[in-house]
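Undergrad: Quick one: sequence and predicted model below, then my questions.
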Amino acid sequence: MGSEGPKAVTIHVTGFKKFQGVAENPTETIVSNLKDFVEKRGLPPGATLGSCTILETAGDGALPLLYQTLESCISKTDISSHKQIIWLHLGVNSGAPKFAIEQQAVNEATFRCPDELGWQPQQVRIVSEDGGTTRARETSCCIEEILKLLKKKDFDVTISDDAGRFVCNYVYYHSLRFAEQKGHKSLFVHVPLFSRIDEETQMRFVASLLEAIASTCY
């Protein structure tokens, strides 16, 4: 009933620069090389890789750039054609041995170390009008289906309900809130260091993740 064939989706991807304790952030490398990698590999029908942006690993001070990025990628074409817009944010968990799909973000910033602009909040509400620090926002992406598709390709991946309280959670919370307001979808995925899972495998994982996201958007 209605439209036929796969729904058209545009997936915008962000990664982060270096931060304290991580001199080379794998997500900066992945996102920088993703367009070329995907061009050679291809995406499912109806799926498009949109912008690929590297964010400063910072919270409050980086908000103008984050919102500028979110706003600038809403094209009139996407809106008029009712194309689904999805935000995929990649961050590194330096202690993790596997990939993690983050189910939610919470309204709390408690940074274990200063961010790259020197900010180190403790138990601060990310968005004050959203209430207390226990408020959570969940992704509307079909993460169980995404997980199944990735596991079928033998990737070591899990679902997580705790994105930490550092910059990853901070950006994810803002993105989920923005996506809800605009009718988009947002998803955050943590990747390990390249010393845990090599660069080529991680590139294949992210390309497969794009495919999985696209195929589960209804």
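TA: Structure received. Residues are numbered from 1 along each chain as shown.
Undergrad: Report the spatially closest residue to the spatially most central residue of the chain, excluding sequence-adjacent ones.
TA: Centroid-nearest residue in the chain: residue 89, 1.6 Å away (criterion: Cα atoms, centre = their mean). Spatial nearest neighbour of residue 89, excluding adjacent residues (Cβ to Cβ, 6 or more residues apart in numbering): residue 188 at 4.5 Å. All C-beta spots, glycine's among them, are computed from the backbone N, C-alpha and C.
Undergrad: Quick check, pLDDT for the one you found.
TA: pLDDT recorded at residue 188 is 98.
Undergrad: And for residue 73?
TA: Looking at residue 73, its pLDDT reads 77.
Undergrad: thought it was touching residue 14?
TA: No. Applying Cβ atoms under 8 Å as the test, residue 73 and residue 14 come out as separate, 10.1 Å apart.
Undergrad: and residue 22, what does it touch?
TA: For residue 22, the contact set (Cβ atoms under 8 Å, 6 or more residues apart in numbering) comprises 92, 94, 193.
Undergrad: before we move on, what about residue 143?
TA: 101, 103, 159, 187.
Undergrad: same question, residue 51
TA: Counting by Cβ under 8 Å, 6+ apart, residue 51 touches 12, 13, 69, 72, 73.
Undergrad: secondary structure class for it?
TA: The three-state label given to residue 51 by DSSP: H, G, I helix; E, B strand; the rest coil is strand.
Undergrad: So for it, what's the pLDDT?
TA: Confidence at residue 51, expressed as pLDDT, is 93.
Undergrad: What distance do you get for it to residue 153?
TA: Distance check for residue 51 against residue 153: by Cβ to Cβ, to the nearest Å, it reads 25 Å.
Undergrad: And for residue 176?
TA: Distance from residue 176 to residue 153, by Cβ to Cβ: 26 Å.
Undergrad: Those two: which has the busier surroundings?
TA: The neighbour comparison of residue 176 against residue 153 (other Cβ atoms under 10 Å) goes to residue 176, with 25 against 13.
Undergrad: hang on, that one packs against residue 139?
TA: Yes. Assessed by Cβ under 8 Å, residue 176 is found in contact with residue 139 at 6.6 Å.
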